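Engineer: Quick one, what's the 3D model for this:
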Amino acid sequence: MTGRPILLWFRRDLRLADHPMLHAAAQTGRPIIPVVILDPVAESWGAASRWRWGEGVRVFAGTLADRGLRVILRRGDAAQVLSRLVAETGAEAVWWSRAYDPGARTRDIAVKAALRAAGTAARSFPGQLLFEPDAVATGQGTGFKVFSAWWRAAQRLDPGRPLPAPGALAPPHDWPASDDLDDWRLGAALRTGEAVLRRYSHPGEGAALARLSGFLEHRLANYADRRDFPADDAASGLSEYLAHGEISPRTIWTETGWTETGRAGGNAKFLSELGWREFAYHLLHHAPQMATRNWNPDWDRFPWLGDNADAEAWRRGMTGEPFVDAALRELFVTGRVHNRARMVAASYLTKHLLTDWRIGLAWFADCLTDWDPAANALGWQWVAGSGPDAAPYFRVFNPVAQAEKFDPGGAYRRRWIAEGQTAPTDDALAFFKAAPRSWALDPRAAYPARRVEPAMGRQIALDAYAKWKTLKLLP
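Structural biologist: Modelled structure (predicted):
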């Protein structure tokens, strides 16, 4: 071993515990220089996700400072930034945790090639998944297309035990210069929404572990029965922490108490949701086009509309359909949205309004603090019908029936819809504080009329499906 430092390039892996890269670096005893880069890939993230990542970096930097390390912030092309830092510090190696979306993979391949060509060791470690995307394979060695089959195979694998947080971490003799995080202005695109969003965000590994503990103690037992009711606090609330690597899926898997004999009830249902996230990356690995194009190319001829006035009303939570609008307003205010409400809102856009799923995918990518490139793409294609599903398109969520079933007392809708209430909730009013002034919204205004009658929604979708079948037959 030498005294030359290792550059640890942190991305969406902002934690100490169960961190293969950090664990391995600590075991070497060599000096460690943590690095965070605002590169074109990070710059491409949506406004809310980019801001939330920055807040996670802020907390993580404080955690490392308590252990005697500084996080070096730099902005620019990743390969160029890392090459300059190697020259400045005399670092012998650059390490990072793998990312699995197409843009990040392309970047990382180029970075590794550039570093090795210059004589610098470059090494990547397992990233934010239980299993590498190609670890679960069919008997023929190919990828799965159906979740249930993939999940049965995945459950036969052992992800291993979580790694402990490292003990002592060695600092270098000298630190290179660093940007100031505030100078990056990661919240600038949020405008007035940043102050509102901040009220609902609790970044950091400590908050993630506390959320997991509370979920396991108070909500897991009823998860399978109550997870679809958005007025209940029945969900885990861990997606944001997983997205930014403030907790590992292996920690969740282990702490939830997975055993071959204890797979009933809430445990099984909750862990299958963790599996769905893994399955999304499995699909994206085998079909990278899923992030931007129809997974099933037959749907390239489907007569979806491009951006339009109905889609803009949908984005603003002003469709006149309370369950849908509540979901869009929750999204805009908190950066998250309940999964049941998310599916109903997505179905409404793609089936009732016949708008291309990529319009919705882009809006979610801009507004979600828990944005995940694989899960977002799979979720939208699953609802739209263009994804890997045996009988996809006939899944049309009736927003009224869904509200009656999953929000029977109207608590979720009242929480997020201010119009018509004599004493709107703080959450409902927060939407109007966060909304751009150009939208000219007023909580005292009348609630908008429905754009589509619920009874017509399914027929609209089926008529479009019939048209698509005709187009499929054309040469």
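Engineer: Going along the chain, name the helices of the stretch 201-350 of the chain.
Structural biologist: 205-218, 223-226, 239-243, 249-255, 265-286, 309-315, 322-334, 339-347 (DSSP state H, counting those that start in this stretch).
Engineer: mind checking which of these is nearest residue 415?
Structural biologist: With Cβ to Cβ as the criterion, residue 415 lies closest to helix 322-334 of the helices of the stretch 201-350 of the chain, at 7.2 Å. Quick note: C-beta positions are derived from backbone N, CA and C, even for glycine.
Engineer: any idea of the mean pLDDT for the closest one?
Structural biologist: Mean pLDDT, helix 322-334: 98.
Engineer: likewise stretch 274-284?
Structural biologist: On average, the pLDDT along stretch 274-284 is 96.
Engineer: Stretch 91-107 now?
Structural biologist: For stretch 91-107, mean pLDDT rounds to 97.
Engineer: Likewise for stretch 296-308?
Structural biologist: What stretch 296-308 shows for mean pLDDT is 92.
Engineer: Domain ranges for the protein, per the record?
Structural biologist: Listed by automatic domain parsing, the domain ranges of the chain are 1-127, 129-161+204-286, 297-470.
Engineer: Out of the ones you listed, which is closest to residue 173?
Structural biologist: Residue 173 lies closest, by Cβ to Cβ, to one member of these: domain 1-127, at 7.4 Å.
Engineer: Please name the nearest non-neighbouring residue to residue 289.
Structural biologist: Spatial nearest neighbour of residue 289, excluding adjacent residues (Cβ to Cβ, 6 or more residues apart in numbering): residue 295 at 7.6 Å.
Engineer: for the one you found, what are its contacts?
Structural biologist: By Cβ atoms under 8 Å, 6 or more residues apart in numbering, the contact list for residue 295 reads 283, 287, 289, 381, 386-388.
Engineer: can you tell me how far it sits from residue 345?
Structural biologist: Computed as Cβ to Cβ, to the nearest Å, the residue 295 to residue 345 distance reads 20 Å.
Engineer: do the same with residue 464
Structural biologist: According to Cβ to Cβ, residue 464 stands 18 Å off from residue 345.
Engineer: ok, residue 24 to residue 413 distance?
Structural biologist: From residue 24 over to residue 413 the distance is 50 Å, taken as Cβ to Cβ.
Engineer: so where do the strands sit in this structure?
Structural biologist: Along the chain, counting by DSSP state E, strands occupy 6-10, 32-38, 72-75, 93-97, 121-125.
Engineer: possible to save the ones you listed as TSV with distance to residue 199?
Structural biologist: Converted to TSV, these look like this (distance: least, Cβ to Cβ, whole Å):
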stretch	distance to residue 199
strand 6-10	26
strand 32-38	25
strand 72-75	25
strand 93-97	30
strand 121-125	35
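Engineer: Residue 303 is nearest to which of the ones you listed?
Structural biologist: Residue 303 lies closest to strand 32-38 among these, at 39.9 Å (Cβ to Cβ).
Engineer: Can you spell out which helices and strands pack onto the closest one?
Structural biologist: Counting contacts by 3 or more Cβ pairs under 8 Å, 6 or more residues apart in numbering; DSSP states H and E, strand 32-38 packs against strand 6-10, strand 72-75, helix 78-89.
Engineer: quick one: which of the contacts of residue 295 is nearest to residue 361?
Structural biologist: Nearest to residue 361 out of those is residue 381 (Cβ to Cβ; 8.6 Å).
Engineer: show me the contacts for that closest one.
Structural biologist: Residues near residue 381 by Cβ under 8 Å, 6+ apart: 290, 294-295, 357, 387-388.
Engineer: So it versus residue 358, what's the distance?
Structural biologist: 10 Å.
Engineer: ok, now residue 156?
Structural biologist: Taking Cβ to Cβ as the measure, residue 156 falls 35 Å from residue 358.
Engineer: And the two? Which one has more around it.
Structural biologist: Shown here are residue 156 and residue 358; by other Cβ atoms under 10 Å, residue 358 has more neighbours (22 against 8).
Engineer: Verify the contact between the more buried one and residue 292 for me.
Structural biologist: Yes - the pair residue 358 / residue 292 is scored as a contact, 7.2 Å apart, by Cβ atoms under 8 Å.
Engineer: on that earlier part again, residue 24 and residue 413: who's more crowded?
Structural biologist: In this view residue 24 and residue 413 are compared by other Cβ under 10 Å, and residue 413 has more residues nearby, 21 against 16.
Engineer: show me the contacts for the more buried one.
Structural biologist: Taking Cβ under 8 Å, 6+ apart, we find residue 413 in contact with 322-323, 326, 403, 407.
Engineer: Need the residues you listed in CSV (columns: distance to residue 99 and neighbour count).
Structural biologist: Formatted as CSV, the contacts of residue 413 follow (distance: Cβ to Cβ, whole Å; neighbours: other Cβ atoms under 10 Å):
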residue, distance to residue 99, neighbour count
322, 38, 23
323, 35, 29
326, 33, 31
403, 38, 22
407, 36, 24
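Engineer: between those residues, which is closest to residue 55?
Structural biologist: Ranked by distance to residue 55 (Cβ to Cβ), those are led by residue 326 at 25.6 Å.
Engineer: Give me the nearest residue to the closest one, chain neighbours excluded.
Structural biologist: Nearest non-adjacent residue to residue 326, counting by Cβ to Cβ, 6+ apart: residue 416, 3.9 Å away.
Engineer: That neighbour: what's it in contact with?
Structural biologist: 317, 325-327, 329-330, 333, 425, 427-428, 431.
Engineer: Recalculate using a threshold of 10 Å.
Structural biologist: Listed by Cβ atoms under 10 Å, 6 or more residues apart in numbering, the contact set of residue 416 reads 230, 317, 322-323, 325-334, 337, 341, 424-425, 427-428, 430-431.
Engineer: Residue 332 too?
Structural biologist: 48, 193, 196-197, 315-317, 363, 366-367, 416, 430-431, 434-435.
Engineer: so residue 375 touches residue 281, yeah?
Structural biologist: Yes - the pair residue 375 and residue 281 passes the contact test of Cβ atoms under 10 Å, sitting 8.3 Å apart.
Engineer: Let me see the ranges of the helices in the stretch 1-150 of the chain.
Structural biologist: With helices called from DSSP H, counting those that start in this stretch, the stretch 1-150 of the chain shows them at 20-28, 40-43, 47-65, 78-89, 102-117, 147-154.
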